[in-house]
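**Q** what would the 3D arrangement of this be:
(chains A and B)
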Amino acid sequence: MVEYEMMRTLIKDSINHINEEIVVQGWVHSRRDHGGLIFIDLRDHSGLLQLVVNPEKSDCFKISEGLRDEFVISVKGTVKNRDKDLINPKILSGKIELVVEEIEVLNTSESLPISLFSENESSEEQRFKYRYLDLRTNRSQEILKRRAEFYRILRNYMDSNDFTEVTTPVLANSSPEGARDFLVPSRVHPGKFYALPQSPQQFKQLLMVGGLYRYYQIATCFRDEDPRADRLYGDFYHLDIEMSFVSDGEEVRKMTEPLIKDLVLNFAKKKLLFKDIPRISYSEAMDLYGTDKPDLRFDLKLTDVSNIFASSEFSVFRTAIQEGGVVKAINLKKAASKFSRSQIDHYTELATKEGAKGLAYIIMENDELRSPILKFLSEEEINKLKKETNFENGDLIFFGADKKELVNRVLGKVRDKAGDDLGLKDPDVIAIAWIVDFPLYEWNESEQRLDFGHNPFSMPKGGLKALDNQDKLNIVADQYDMVMNGYEICSGAVRNHHPEIMYKVFESIGYQRDFVDKKFGAMVNAFKYGAPPHAGCAFGIDRIFMILLNEDNIREVVAFPKNGSGVDLMMDSPSEVDSAQLKELHLRTIF
RNA sequence: GGGCCCGUAGUGUAGCGGCCUAUCACGUCUCCCUGUCACGGAGAAGAUCGCCGGUUCGAAUCCGGUCGGGCCCGCCA
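**A** Numbering: from 1, shown residues only, chains lettered A, B, ... in the order given. Next up is the predicted model:
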């Protein structure tokens, strides 16, 4: 007698096993009781198999009458071909069935608190509370398997390119910049804390100093920041990469590109919009798209039209420019007929939510212009506008007039929404680009001081000299992000590996040497002993996986996600601990 | 921390001031049924409409608060 765990195997081999006796185990997927004959669809990880229970087997029949959805059973029976007109083309095993001879209930099931296989999909809250049931669906099973496949591709690629996988500590140190840390109190050292790393940044750089040629890790990262649909709470995964003897970010970009292309083309089976992945500077991205993570599946661009309206009669435009701001336009080609008045109002709403005072627009239909601001615009201005923005019949232009940063942000959002509303985001297409040359510093308006733009460990282009001579806000770092369909999926940099430049970079925004020594002691010390130039990056694995699977919520692609408040509804974590545990950790309860 | 939206039998929904003693489907329970595969048929049980308070002659429905959930802003070097 053959024992089968896998029905898929059974299906493949069924030709050879017709009339053989076999044993299968699985879940009762559904039961159809005809009174004198019972059909059961048995389900395991590989699919469905129909069982037939005849009344002559009175013991089996009795048991079968009591079976309910999701009972776990073990069945012995004979594989039979179905008659031609009884074949079910909807299931893989539809040509055969198992005529039951013995049946044993291995476990029962209460009726389910969520619906698994019907058309009513239960709420996310319910599904995640009962995630162990939700995982039984085809969709979940598929996601788990695809994720394993995804990991395998990452590892194969890295391994075959001389990268060494190194596991770095999870109990690490709190870092002063960046996200909020998860702290872990030390029992042995009263009053001291570990922190769970936001990324293995410092460890991987120390590996470079340690002589490792190339490093990678599928690294767990921990950040205590509020989640979003595309951002997990708590822990998430990086493909973390670092390469020694690299002084130009281009080397990292060239190294990682083929992997991402392979994932798009062969893993996700999607179209890649740009075969040669473009490099777009941060400032260009902000100018053209109003964001540093543009969705490049569609080609809408912002145009600076300040020169046209510098002395306009329309005071909103004129004043904005006089006060050092800009006027920019985005021409939504052929959108005029597609947008109703109320839809345009939605854009205005979006703009004001972002801080704009309003959102001027102008429409050209049947050679006629329509706009609330039309009376303020001269013919010359209109003509120049037509020329500079390719403004034609059927087009709709939105304007932003304010400080440059605000205008970019607002029109960037407008651009993104227009991409949705005009159906320009093809789900089968992936557009990838590198955004390069991020500013090392940025101006913190609320605190009126300089801050690090992206991360404090990148090498300023031009080194020490740049730090001495240039206007700080003009200093560019060899720092790069990869964007995919409007999501940031990777961030990296050529690292600052000279102690003197490290000190200087911090000093420029008011941190003294001892601050650097205290907070980044290991790194800055290590750099004193022949640190090789090095560069790297980190890809957000969960997010890439989400995009490639066309999911719009990142929690869907994780086995056991936490909800929007950082709660694991299934495990009910975080939870209280008893006072003895707190005492041992030298903590007192605050309640 | 802030804004917007949601909360109705086990599950998904309808109802959005009186026709509500709350709709429908799935599930559950009882009975019938020997070829179904979303089996079919007959019947039954199951909801103090998240919770508290208010307005009203009257509240699932309107208002306030609160709890829970979602999306967004802040935050995410």
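
**Q** drop to CA atoms for contacts and neighbour counts, all remaining ones
**A** OK.

**Q** how close does the residue nearest to A:Thr108 when sequence neighbours are not counted get to A:Asn88?
**A** Counting by Cα to Cα, 6 or more residues apart in numbering, the nearest residue to A:Thr108 once its immediate chain neighbours are dropped is A:Phe71, at 4.5 Å. For A:Phe71, the distance to A:Asn88 equals 23 Å [Cα to Cα, to the nearest Å].

**Q** re earlier: confidence score at the residue nearest to A:Thr108?
**A** In this model, A:Phe71 is scored at 96, pLDDT.

**Q** shouldn't it be in contact with A:Ser111?
**A** No: distance between A:Phe71 and A:Ser111: 9.7 Å, which falls outside the contact criterion (Cα atoms under 8 Å).

**Q** enumerate every residue touching the residue nearest to A:Thr108.
**A** Counting by Cα atoms under 8 Å, 6 or more residues apart in numbering, A:Phe71 makes contact with A:27-28, A:105-109.

**Q** next, count neighbours for A:Lys403.
**A** 16 (other Cα atoms under 10 Å).

**Q** neighbours of the spatially closest residue to it that is not a sequence neighbour, how many?
**A** Excluding the flanking residues, the one nearest A:Lys403 by Cα to Cα, 6+ apart is A:Gly325, at 4.1 Å. Using other Cα under 10 Å, A:Gly325 has 19 neighbouring residues.

**Q** list the contacts of A:Gly325.
**A** A:Gly325 neighbours (Cα under 8 Å, 6+ apart): A:401-404.

**Q** got it, and A:Ile501?
**A** Contacts of A:Ile501 were listed using Cα under 8 Å, 6+ apart, and they are A:463-464.

**Q** how about it, secondary structure?
**A** helix (DSSP: H, G, I helix; E, B strand; the rest coil).

**Q** so what pLDDT did it get?
**A** 93.

**Q** which strands or helices does the helix or strand hosting A:Ala522 pack on?
**A** With secondary structure defined by DSSP states H and E, A:Ala522 is part of helix A:521-526. Judged by 3 or more Cα pairs under 8 Å, 6 or more residues apart in numbering; DSSP states H and E, helix A:521-526 is in contact with helix A:201-209, helix A:499-507, helix A:513-519.

**Q** at 7 Å instead, please
**A** Applying 3 or more Cα pairs under 7 Å, 6 or more residues apart in numbering; DSSP states H and E, one finds that helix A:521-526 makes contact with helix A:201-209.

**Q** what bridges to A:Asp44?
**A** A:Gly47 (DSSP bridges).

**Q** burial count for it?
**A** Residues near A:Asp44, counting by other Cα under 10 Å: 19.

**Q** separation between it and A:Leu144?
**A** Taking Cα to Cα, one finds A:Asp44 at 15 Å from A:Leu144.

**Q** likewise A:Leu232?
**A** For A:Leu232, the distance to A:Leu144 - Cα to Cα - is 17 Å.

**Q** and if you look at A:Ile241?
**A** 24 Å.

**Q** pick out whichever of those two has more residues nearby.
**A** Set A:Ile241 next to A:Leu144 and count neighbours by other Cα under 10 Å: A:Ile241 wins out with 27 against 16.

**Q** show me what contacts A:Asp240?
**A** By Cα atoms under 7 Å, 6 or more residues apart in numbering, the contact set of A:Asp240 is A:216-219, A:537-539.

**Q** secondary structure class for A:Ala538?
**A** strand.

**Q** that one pairs with what?
**A** Here A:Ala538, judged by DSSP bridges, has bridge partners A:Asp240, A:Ser491.

**Q** show me which of the contacts of A:Gly325 are buried.
**A** A:401-404 (16 or more other Cα atoms under 10 Å).

**Q** ok, and what's touching stretch A:544-556?
**A** A:229-232, A:264, A:268, A:427, A:489, A:542-543, A:557, A:561.

**Q** stretch A:493-500 now?
**A** By Cα under 7 Å, 6+ apart, stretch A:493-500 touches A:247-249, A:457-459, A:478-480, A:502, A:524, A:527-528, A:531, A:533-537.

**Q** what sits closest to the closest residue to RNA strand B within the stretch 301-450 of chain A if chain neighbours are left out?
**A** Using Cα to the nearest atom of the strand, the single residue of the stretch 301-450 of chain A nearest to RNA strand B is A:Glu354, 7.2 Å away. Closest residue in space to A:Glu354, ignoring its immediate chain neighbours: A:Val410 at 6.1 Å, by Cα to Cα, 6+ apart.

**Q** that neighbour belongs to a helix, doesn't it?
**A** Yes: looking at A:Val410 with three-state DSSP, it is inside a helix.

**Q** contacting residues around it?
**A** Contacts of A:Val410 by Cα under 7 Å, 6+ apart are A:351, A:354, A:356.

**Q** which of these scores worst on pLDDT?
**A** Scoring the contacts of A:Val410 by pLDDT puts A:Glu354 last, at 84.

**Q** re the thing from before, restrict the contacts of A:Phe71 to contacts with RNA strand B.
**A** Applying Cα under 7 Å from any atom of the strand, the subset of these adjacent to RNA strand B is empty.

**Q** can you get me a residue count around the residue in the stretch 151-300 of chain A positioned nearest to RNA strand B?
**A** RNA strand B sits closest to A:Gly178 of the stretch 151-300 of chain A, with a gap of 2.7 Å, by Cα to the nearest atom of the strand. Residues lying near A:Gly178 (other Cα under 10 Å) number 12.

**Q** same deal with A:Gln581?
**A** Every residue meeting other Cα under 10 Å relative to A:Gln581 is counted, giving 12.

**Q** next one: stretch A:360-371 to chain centre, how far?
**A** 39 Å (Cα atoms, centre = their mean, to the nearest Å).

**Q** quick one: buried residues of it?
**A** For stretch A:360-371, burial by neighbour count (16+ other Cα under 10 Å) applies to A:360-364.

**Q** contacting residues around it?
**A** Contacts for stretch A:360-371 (Cα under 7 Å, 6+ apart): A:336, A:392-399.

**Q** 6 Å instead, please
**A** A:393-399 (Cα atoms under 6 Å, 6 or more residues apart in numbering).

**Q** go on, stretch A:169-176?
**A** Taking Cα under 6 Å, 6+ apart as the rule, stretch A:169-176 contacts A:194-197.

**Q** swap the cut-off to 10 Å and go again
**A** A:180-184, A:193-200, A:202-203, A:219-222, A:519-520 (Cα atoms under 10 Å, 6 or more residues apart in numbering).

**Q** list the buried ones in it?
**A** Applying 16+ other Cα under 10 Å to stretch A:169-176 flags A:170, A:172-175 as buried.

**Q** dump that stretch to PDB, restricted to CA.
**A** What follows is stretch A:169-176, C-alpha atoms only, in PDB (Å, rounded to 0.1, in the frame of the first residue of the first chain):
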ATOM      1  CA  PRO A 169      23.800  41.200  16.400                       C
ATOM      2  CA  VAL A 170      20.200  41.800  17.100                       C
ATOM      3  CA  LEU A 171      21.000  43.100  20.600                       C
ATOM      4  CA  ALA A 172      22.900  46.300  19.600                       C
ATOM      5  CA  ASN A 173      23.200  49.900  20.700                       C
ATOM      6  CA  SER A 174      20.800  52.800  20.500                       C
ATOM      7  CA  SER A 175      21.700  55.200  17.800                       C
ATOM      8  CA  PRO A 176      21.100  58.900  18.200                       C
END
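
**Q** contacting residues for the residue nearest to A:Val264 when sequence neighbours are not counted?
**A** Closest residue to A:Val264 apart from its sequence neighbours, by Cα to Cα, 6+ apart: A:Lys270 at 5.6 Å. Shown in contact with A:Lys270 (Cα under 10 Å, 6+ apart): A:261, A:263-264, A:427-430, A:548-549.

**Q** could you rerun that using 8 Å?
**A** A:264, A:428-430.
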